[in-house]
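# Model the structure of this input:
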Amino acid sequence: MHVKEAIIAVTGQITGLLDQFNSYDYRKPLDEYDGSSIGQHFRHILEFFQCLHQGIEEGQVDYAARKRNLLYEDNPTLAAEAFAVFSEQVGQYSDNQPLAVCAEFGSELRPVYESTVGRELLFLYDHAIHHLAIIKIGLNCHFPHVSTDKTLGLSPSTIKSRQTAS
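A predicted model of the protein is given here:
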């Protein structure tokens, strides 16, 4: 599978989850997240995707410059629509296109590193899987009615390792 196909698959998994939420549950603060909500985690994933899209257009991506749009953490339908838009855009990207990435380490210095669109798509995929693992904890604790794939939040290497161990 190519990284673009993997991103499309994960955005499909995400929209399938979002379609099962009402706004109240989606924005409900959870103790497991120190008062954050499922919606905040989905917004976080989405805004990283949007930062890459904007960065491709500008030649430099800055993941720290996210808009933190509260509508995406309050409205699962709006978030699903935005994930679908990104999923449609990703096929147009050129993996080998050079891209500068502005880093954030908590100081005044914001170094810029060379990357490619393909490398950043790989980062976004791994980042989404990581947050889906966190989301899965909230789902298991509070929303057992939300149907999930048993591989939600697992990296492909973990899935393969578990299959081999069986």
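# gap between the two ends of stretch 15-33?
21 Å (CA to CA, to the nearest Å).
# Okay, buried residues for it please.
15, 17-18, 21, 25-27, 30, 33 (16 or more other CB atoms under 10 Å). C-beta coordinates here come from the backbone N, C-alpha and C atoms, glycine included.
# give the contact list for the residue most central in space within the chain.
Taking CA atoms, centre = their mean, the centroid of the chain lies closest to residue 45, which sits 2.8 Å from it. Shown in contact with residue 45 (CB atoms under 8 Å, 6 or more residues apart in numbering): 14, 127-128, 131-132.
# what packs against the host helix or strand of residue 88?
In this structure, residue 88 sits in helix 76-90 according to DSSP states H and E. The helices and strands touching helix 76-90, judged by 3 or more CB pairs under 8 Å, 6 or more residues apart in numbering; DSSP states H and E, are helix 3-18, helix 38-58, helix 70-74.
# Looking at these, which is nearest to residue 121?
helix 3-18 (4.6 Å; CB to CB).
# quick one on the thing from earlier: I'd like to know which of the helices and strands packed on helix 76-90 is closest to residue 162.
Closest among the helices and strands packed on helix 76-90, using CB to CB: helix 3-18, at 18.0 Å.
# ok, the buried residues of stretch 15-33 vs residue 56, which is closest?
residue 15 (21.7 Å).
# My read is that the closest one contacts residue 85, right?
No: the criterion here is CB atoms under 8 Å, and residue 15 misses it with residue 85 at 10.8 Å.
# Would you mind giving the contacts of residue 45 as JSON lines with distance to residue 39, secondary structure and neighbour count added?
Formatted as JSON lines, the contacts of residue 45 follow (distance: CB to CB, whole Å; DSSP: H, G, I helix; E, B strand; the rest coil; neighbours: other CB atoms under 10 Å):
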{"residue": "14", "distance to residue 39": "12", "secondary structure": "helix", "neighbour count": "25"}
{"residue": "127", "distance to residue 39": "17", "secondary structure": "helix", "neighbour count": "15"}
{"residue": "128", "distance to residue 39": "15", "secondary structure": "helix", "neighbour count": "25"}
{"residue": "131", "distance to residue 39": "12", "secondary structure": "helix", "neighbour count": "18"}
{"residue": "132", "distance to residue 39": "14", "secondary structure": "helix", "neighbour count": "23"}
